[in-house]
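Build me a model:
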Amino acid sequence: MRPELEKRLEELLDRQAILDCIHRYCRGVDRMDRELTLSAYHPDAIDDHGTFVGDPEEFVSWAFDYHGEHQISHHHMVFNHSADLQGDVAHTETYWLFFGENRAKPDTLAVGRYIDRFEKRGGKWAIAARVCISEAVNESTPANLPDAWREVLMSNGNRTRDRSDISFDRPLKARDPEHLREFSKEQ
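Numbers count the residues shown, from 1 in each chain. Next up, the predicted model:
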């Protein structure tokens, strides 16, 4: 095989492995499958979901507790996806739509983006850092979400229509989990 063709093929396989990982994450969370969800992350990753910042184990516990308490069912859907490959590191941006059938109505509809730094370690692509940007959440969702938490949910990254947007940060770094722990103590 020609070297340039081999390089392009490897890049296509890497891009597909990254997208498969994002799909595996969505399926894992929606099926509340701990092992499948954790397989999308490297063990030392940090996930910044706005109202939560921590490692994958902590994140999965937090997310499953939240969804189990507040929703009968929920769906994470992904759309536009871009990947900036740089060797064994990739910076990605994936648009998402979330629908939650809430136990207490109204239901939740939210949109945003996953801003991820993927790393290929031992031949496996997985998330090393994630900042989940919520762009909009329907006004009354969840019904018991305090205004201060809504503000935190929407403040974990620079959202702009230019190159100062968090999706251009290289390398992507999630906030330190201590940031949110201090906020939680104040509430």
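
Quick check: which ranges of this structure have low pLDDT?
Scanning the chain for pLDDT under 70 picks out the ranges 139-156, 158-161, 179-187.

residue boundaries of the strands in it?
41-48, 53-54, 71-86, 89-102, 108-121, 124-137 (DSSP state E).

Tabulate the ones you listed (JSON lines), appending distance to D165.
(C-beta placed from N, C-alpha, C; glycine too.) Below are those laid out as JSON lines (distance: least, C-beta to C-beta, whole Å):
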{"stretch": "strand 41-48", "distance to D165": "15"}
{"stretch": "strand 53-54", "distance to D165": "20"}
{"stretch": "strand 71-86", "distance to D165": "12"}
{"stretch": "strand 89-102", "distance to D165": "9"}
{"stretch": "strand 108-121", "distance to D165": "9"}
{"stretch": "strand 124-137", "distance to D165": "9"}
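
Out of these, flag the one nearest D33.
Evaluated over the strands of the chain, closeness to D33 peaks at strand 71-86, with 12.7 Å, by C-beta to C-beta.

Direction included, what does that closest one pair against?
Counting by DSSP bridges, the strands paired with strand 71-86 are strand 89-102 (antiparallel).

buried sites along the strand it pairs with?
V89, A90, H91, T92, E93, T94, Y95, W96, F98, G100, N102 (16 or more other C-beta atoms under 10 Å).

swap in stretch 33-48?
R34, L36, T37, L38, A40, Y41, H42, A45, I46, D47, D48.

can you check stretch 68-82 too?
Here stretch 68-82 shows H70, Q71, H74, H76, V78, H81 as buried, counting by 16+ other C-beta under 10 Å.

Touching it from outside, list them.
Defining contact as C-beta atoms under 8 Å, 6 or more residues apart in numbering, one finds that stretch 68-82 is touched by 19, 22-23, 25-26, 29-30, 32, 67, 92-104, 108, 114, 142.

rewinding a little: go through the buried residues of stretch 33-48 and name the one nearest E6.
Using C-beta to C-beta, these come closest to E6 at H42, 26.6 Å.

Who are the contact partners of R8?
R8 neighbours (C-beta under 8 Å, 6+ apart): none.

separation between it and M1?
10 Å (C-beta to C-beta, to the nearest Å).

sorry, back to before: of the buried residues of strand 89-102, which pair is most distant in space?
Maximum distance among the buried residues of strand 89-102 (C-beta to C-beta): 37.8 Å, for V89 and N102.

ok, back up a step: which one of the strands of the chain lies closest to L12?
Counting by C-beta to C-beta, and looking across all of the strands of the chain, nearest comes strand 71-86 at 10.3 Å.

Could you export that closest one as PDB, CA atoms only?
What follows is strand 71-86, C-alpha atoms only, in PDB (Å, rounded to 0.1, in the frame of the first residue of the first chain):
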ATOM      1  CA  GLN A  71     -36.000  10.600  34.900                       C
ATOM      2  CA  ILE A  72     -38.100   7.600  33.800                       C
ATOM      3  CA  SER A  73     -36.000   7.500  30.600                       C
ATOM      4  CA  HIS A  74     -33.400   9.700  28.900                       C
ATOM      5  CA  HIS A  75     -31.700  10.000  25.600                       C
ATOM      6  CA  HIS A  76     -28.400  11.500  24.600                       C
ATOM      7  CA  MET A  77     -28.200  12.100  20.800                       C
ATOM      8  CA  VAL A  78     -25.200  13.400  19.000                       C
ATOM      9  CA  PHE A  79     -25.000  15.200  15.700                       C
ATOM     10  CA  ASN A  80     -22.200  17.500  14.200                       C
ATOM     11  CA  HIS A  81     -18.800  16.100  15.000                       C
ATOM     12  CA  SER A  82     -15.300  17.400  14.200                       C
ATOM     13  CA  ALA A  83     -12.000  16.000  15.200                       C
ATOM     14  CA  ASP A  84      -8.600  17.700  15.100                       C
ATOM     15  CA  LEU A  85      -6.100  14.800  15.000                       C
ATOM     16  CA  GLN A  86      -2.600  15.500  16.200                       C
END
